[in-house]
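J.: give me coordinates for this.
(one chain, ligands or ions: 1)
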Amino acid sequence: MHEYGITQQIIQIASNQAKENDALIVTRITLVVGEYSGFIGHSIQMYFDVISKGTLCEGAILEVEHVKAKWRCPVCKIDFIRKPLSFACPECGQDGEPTKIGKEFYVKSIEIET
Ligand SMILES: [Zn+2]
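T.: I've put the predicted structure just below:
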């Protein structure tokens, strides 16, 4: 359910940006959502349609860019996307370590119309 709160914040950020730029509406918001960010893009999309009603974001396209989590091999130093039920490096078979890739969550861009 915490997607509800974060969606409110996203709409607030976008609306403020639009106001600061004397825009009439927000046309598109692009979000980056990592696989392990703790947020579900689909839920945000659902709440967005409801919460944006009556705001400058009403009717805007919410684009969600999903980022797959990556693991780093301590031996080869390469980042890789793990296979199901495995953490093994595709090069050497060593278990990888979690990286920051896949934990991101941020508003990448806001498009407005003046
Ligand atoms: Zn390796």
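J.: in what helix or strand does the residue of the chain most remote from its centre lie?
T.: Within the chain, Cys92 marks the point farthest from the mean C-alpha position, 31.3 Å out by CA atoms, centre = their mean. If you go by DSSP states H and E, Cys92 is not part of any helix or strand.
J.: quick one: pLDDT of it?
T.: If you check Cys92, the pLDDT there is 98.
J.: please name the nearest non-neighbouring residue to it.
T.: Sequence neighbours aside, Val75 is the residue nearest to Cys92 in space, at 5.3 Å (criterion: CB to CB, 6 or more residues apart in numbering). In this view, the C-beta of every residue, glycine as well, is placed from N, C-alpha and C.
J.: and what of Glu104?
T.: With CB to CB, 6+ apart, the residue lying closest to Glu104 is Gly34, at 4.3 Å.
J.: how about the nearest residue to Ile40 once chain neighbours are set aside, what does it touch?
T.: Among residues not flanking Ile40 along the chain, Glu3 sits closest, at 6.1 Å (CB to CB, 6+ apart). Applying CB atoms under 8 Å, 6 or more residues apart in numbering, we find Glu3 in contact with 39-40, 43-44, 46-47.
J.: please report how far Ile81 lies from Val32.
T.: According to CB to CB, to the nearest Å, Ile81 stands 16 Å off from Val32.
J.: now the contacts of Glu3: which count as buried?
T.: 39, 44, 47 (16 or more other CB atoms under 10 Å).
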